[in-house]
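Enquirer: Sequence below, structure please.
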Amino acid sequence: ELAKERKLDLVVINPSLVLGPLLQSAVNASTWHIAKYLDGSVQTYTNAAQAYVHVRDVADAHARAYEIPNAHGRYLCAGRTLHRAEVCRILAKFFPEYPVPTRCKEGAGEMKKGYRFSSRRIMELGVGITPASQCLYDTVTSLQDKGILPRRDVDMS
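Expert: Residues are numbered from 1 along each chain as shown. This is a model prediction of the structure:
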C-alpha cells in the first residue's frame with residue numbers, strides 16, 4: 001500500500017532457505033544448516049521440515065522481476081519441502097564418506113510435514129526451480145572447494 005501511495009513499482013522475491021555455491025569464504029546460517037550434518041558436530045537430525053531453493057534460481061528470479069514489465073507483487077521462490085531425514089538421506093547418498101546422522105533427535109514418531117509452497121507465480125516469470133538434491137550437492141561441493149568442509153576419502157570396503 002505504501003508503494004502504491006508513493007507510486008513505486010514494488011516487486012518482492014521471498015526465497016525459502018537458500019542453498020548452492022557460496023560467494024563468501026565463511027559459513028552462514030544457510031550453509032551451517034547443511035554443514036553440521038557432515039562435519040560430525042551433530043549425531044542426530046531434528047524433526048523438522050524446510051523448503052529449499054538454489055541461489056541461482058533466486059538470482060534469476062530477481063533479474064526477471066526487474067526486467068519483466070508486468071511483474072508485480074510478491075513472488076515465493078521456494079523449491080520442495082524436505083524433512084531433515086530426507087536431507088540426511090540425500091547427503092549420505094551423495095557423500096557417504098561423511099558421518100551423516102541417521103536418527104531423529106526426537107526419536108521415532110510422527111514426522112513433521114512442513115509447508116508446501118506454490119511455485120506457480122515465480123514459474124510464470126520463467127524461473128525454473130532446481131531440485132533440492134542438486135541444491136544440497138552444490139552446497140557441499142562449494143563447502144569443499146572453499147576448504148570449509150575437508151574432503152574425505154570414500155571407504156570402498
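
Enquirer: which of the residues in the lowest-mean-pLDDT helix or strand in the chain are buried?
Expert: The helix or strand of the chain with the poorest confidence is helix 2-5; it has a mean of 80 (mean pLDDT, DSSP states H and E). Of the residues in helix 2-5, none count as buried by neighbour count, 16 or more other Cβ atoms under 10 Å. Every C-beta, even on glycine, is put in place using the N, C-alpha and C of the backbone.

Enquirer: Who are the contact partners of residue 36?
Expert: Applying Cβ atoms under 8 Å, 6 or more residues apart in numbering to residue 36 gives the contacts residue 42.

Enquirer: Tell me what the residue nearest the centre of the chain is bridged to.
Expert: For the chain, residue 52 is the residue whose C-alpha lies nearest the centre (Cα atoms, centre = their mean; 3.1 Å). In this structure, residue 52 bridges to residue 17 when assessed by DSSP bridges.

Enquirer: wait, it sits on residue 77?
Expert: No: the criterion here is Cβ atoms under 8 Å, and residue 52 misses it with residue 77 at 10.7 Å.

Enquirer: So for those two, which residues contact both of them?
Expert: Common neighbours of residue 52 and residue 77, counting by Cβ under 8 Å, 6+ apart, are residue 16.

Enquirer: which residues of this structure fall in strands?
Expert: For the chain, applying DSSP state E gives strands covering 11-15, 17-19, 44-45, 49-54, 73-77, 81-83, 103-104.

Enquirer: Contact partners for the nearest residue to residue 127 once chain neighbours are set aside?
Expert: Spatial nearest neighbour of residue 127, excluding adjacent residues (Cβ to Cβ, 6 or more residues apart in numbering): residue 61 at 4.8 Å. By Cβ under 8 Å, 6+ apart, the residues touching residue 61 are 13, 15, 75, 77, 122, 125, 127.

Enquirer: tally of neighbours for the fourth one?
Expert: Residues contacting residue 77 under the criterion other Cβ atoms under 10 Å number 26.

Enquirer: Tell me who's in contact with it.
Expert: Counting by Cβ under 8 Å, 6+ apart, residue 77 touches 13-16, 53, 57-58, 61, 119, 122, 127.

Enquirer: how about low-confidence regions in the protein?
Expert: Flagging of the chain using pLDDT under 70 yields the residue ranges 109, 154-157.

Enquirer: Please report the distance of residue 93 from residue 61.
Expert: From residue 93 across to residue 61, the span is 28 Å (Cβ to Cβ, to the nearest Å).
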